[in-house]
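Asker: What follows is a protein structure lacking sequence information:
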């Protein structure tokens, strides 16, 4: 299953993203999902720290795979979380 989750910038700082991710993790554990993966842009350091606090680890880097509106290319960090 693959889906994207994002919180509008006007609502940053309210813990919405953290709560969404915690609920996703709880759902995955309840339903027997053993592995969760996500992709995050290297510049999104706040999100990377959140993901690490919730048990995700860096599994790889997709080098210069995203070109943003500034014209520059950026790396995508691939992170995963395994639940026994």
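Answerer: All right, it came through fine. Values in this document were obtained by computation on a predicted structure and should not be read as measured data.
Asker: contacting residues around the residue lying closest to residue 36 once chain neighbours are set aside?
Answerer: Nearest non-adjacent residue to residue 36, counting by C-beta to C-beta, 6 or more residues apart in numbering: residue 81, 4.7 Å away. (C-beta placed from N, C-alpha, C; glycine too.) The contact partners of residue 81, by C-beta atoms under 8 Å, 6 or more residues apart in numbering, come to 25, 35-37, 54-57.
Asker: from the residues you listed, which is closest to residue 43?
Answerer: residue 56 (17.2 Å; C-beta to C-beta).
Asker: check contacts around the closest one.
Answerer: Residue 56 neighbours (C-beta under 8 Å, 6+ apart): 36, 38, 79-81.
Asker: Start and end of stretch 38-52, how far apart?
Answerer: By C-alpha to C-alpha, to the nearest Å, the extent of stretch 38-52 from end to end equals 12 Å.
Asker: picking up where we left off before, next, format the contacts of residue 56 as TSV and append distance to residue 29.
Answerer: Output for the contacts of residue 56, formatted as TSV (distance: C-beta to C-beta, whole Å):
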residue	distance to residue 29
36	10
38	16
79	17
80	15
81	10
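Asker: Cool, thanks, signing off.
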